[in-house]
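Student: Here you go, sequence then predicted model.
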Amino acid sequence: SFIPPDGEFIVLNYRITGEFNTPFRIFPSIEETEPNKIEIVVLIRAEMPNNHFGANVSVEIPVPHCTTSASCSLVSAPGTGHAH
């Protein structure tokens, strides 16, 4: 059995030479809405068969150290999944 170490670690590195369909497609958008204010929109679409699912999927977006505030809202398109 596999017992993961504490903290972050790499489970797998790989390179492919043929066609491969990723389980998710990511569509980022960054727009400066005001001076010193940006809006980051990340659309994540599952590209897997209906009998498969992604569990414990997390998204991390690094921001500069000088960031004074941030907010987040999650939206799921009707019938496509659950956002918590």
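Tutor: In hand now; what should we look at? Residues are numbered from 1 along each chain as shown.
Student: Give the buried residues for stretch 28-39.
Tutor: The neighbour-count check on stretch 28-39 (16 or more other C-beta atoms under 10 Å) flags nothing as buried. No exception for glycine: its C-beta is placed from N, CA and C like everyone else's.
Student: residues touching residue 25, list them.
Tutor: Each residue near residue 25 by C-beta atoms under 8 Å, 6 or more residues apart in numbering is listed here: 44, 45, 47.
Student: Just the buried ones from those?
Tutor: Using 16+ other C-beta under 10 Å, nothing in those comes out buried.
Student: hey, what's residue 38 bridged with?
Tutor: Beta bridges link residue 38 to residue 32, judged by DSSP bridges.
Student: Quick check: it touching residue 29?
Tutor: No: using C-beta atoms under 8 Å as the test, residue 38 is too far from residue 29 to be in contact (10.3 Å).
Student: For the protein, which element, helix or strand, carries the lowest mean pLDDT?
Tutor: strand 37-46 (a mean of 88; mean pLDDT, DSSP states H and E).
Student: How much space separates residue 71 from residue 52?
Tutor: 32 Å (C-beta to C-beta, to the nearest Å).
Student: So these two - more neighbours on which side?
Tutor: Taking residue 71 and residue 52 together and counting by other C-beta atoms under 10 Å, residue 52 has the greater number of neighbours (8 against 4).
Student: Look up how far residue 50 lies from the residue positioned nearest the centre of the chain.
Tutor: The residue lying closest to the centre of the chain (C-alpha atoms, centre = their mean) is residue 59, at 3.5 Å. From residue 59 across to residue 50, the span is 22 Å (C-beta to C-beta).
Student: Where does the prediction get shaky in the protein?
Tutor: Scanning the chain for pLDDT under 70 picks out 77-84.
Student: make it 90
Tutor: Low-confidence segments of the chain, defined by pLDDT under 90: 1-26, 36, 40-66, 70-84.
Student: all helices for it, in order.
Tutor: Counting by DSSP state H, the chain forms no helices at all.
Student: if we can go back for a sec, who's in contact with the residue nearest to the centre of the chain?
Tutor: 42, 44.
Student: Which residues does residue 43 form beta bridges with?
Tutor: residue 27.
Student: Could you report the neighbour count for it?
Tutor: The burial count for residue 43: 11, using other C-beta under 10 Å.
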